[in-house]
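Trainee: Provided below for reference: sequence and predicted model.
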There are 2 protein chains.
Amino acid sequence: MIARVVVVPRPQVADPQGITVARALAQLGFAEVRSVRVGKYLELELDGPPQDADRRIEEMCRKLLANPVIEDYHFSLEEATTQR
Amino acid sequence: MIARVVVVPRPQVADPQGITVARALAQLGFAEVRSVRVGKYLELELDGPPQDADRRIEEMCRKLLANPVIEDYHFSLEEATTQR
């Protein structure tokens, strides 16, 4: 299985990295950028039974990948196309 | 418009952050994790004509958001649902 996890700062949490990127884009002439939020993207390759993957990834997010106090997360699962 | 940009290290590029996360997950008992790649996720709120957005985001990725030598990127665009 391939799991794709996105972790973003919660809307009410300050995102200095996003503000910096937004400013840099404005300075480069991208005046249409109203705001930027910066988060993490993780791609996990998993062994094990596909029916457990959803629950296990949820657990990984809560325990390590995200900080639920200041971050939201979501993920998608995909059957790996190549067998190794 | 909302643009969602994902930037990941290219497959042949070392990803120490991914290795660290994979090890930490193993130590927490997630033995099914075979590998992890860590990238960036950016959510941009844009003004301006939707028909330009694709080209403009592509330009932002090449100029600032990604380093094409070591990173791949892809993005999706979505019409913003709320008018402000």
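Mentor: Ah, there it is. Numbering: from 1, shown residues only, chains lettered A, B, ... in the order given.

Trainee: what comes up buried for the helix or strand where A:Met60 lies?
Mentor: In this structure, A:Met60 sits in helix A:50-60 according to DSSP states H and E. Under the neighbour-count criterion of 16 or more other CB atoms under 10 Å in any protein chain shown, helix A:50-60 has A:Ala53, A:Arg56, A:Ile57, A:Met60 buried. For every residue, glycine as well, the C-beta is placed using N, CA and C.

Trainee: again with stretch A:64-72
Mentor: Buried residues in stretch A:64-72, counted by 16+ other CB under 10 Å: A:Leu65, A:Ala66, A:Glu71.

Trainee: How far does that stretch sit from its chain's centre?
Mentor: 10 Å (CA atoms, centre = their mean, to the nearest Å).

Trainee: neighbouring contacts of it?
Mentor: A:5, A:7-10, A:13, A:39-40, A:42, A:62, A:73, B:21, B:24-25, B:28 (CB atoms under 8 Å, 6 or more residues apart in numbering or on different chains).

Trainee: Only the C-alpha atoms, please, for it, written as CSV.
Mentor: What follows is stretch A:64-72, C-alpha atoms only, in CSV (Å, rounded to 0.1, in the frame of the first residue of the first chain):
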residue,chain,number,x,y,z
LEU,A,64,4.0,10.9,15.5
LEU,A,65,3.2,12.5,12.1
ALA,A,66,0.9,15.3,13.3
ASN,A,67,0.4,17.4,16.4
PRO,A,68,-3.4,17.4,16.8
VAL,A,69,-3.3,20.4,19.0
ILE,A,70,-2.0,22.7,16.2
GLU,A,71,-2.3,20.6,13.0
ASP,A,72,-5.0,18.9,11.0
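
Trainee: tell me, which of the buried residues of helix A:50-60 make contact with chain B?
Mentor: By CB under 8 Å from any CB of the partner chain, the members of the buried residues of helix A:50-60 lying near chain B are A:Arg56, A:Met60.
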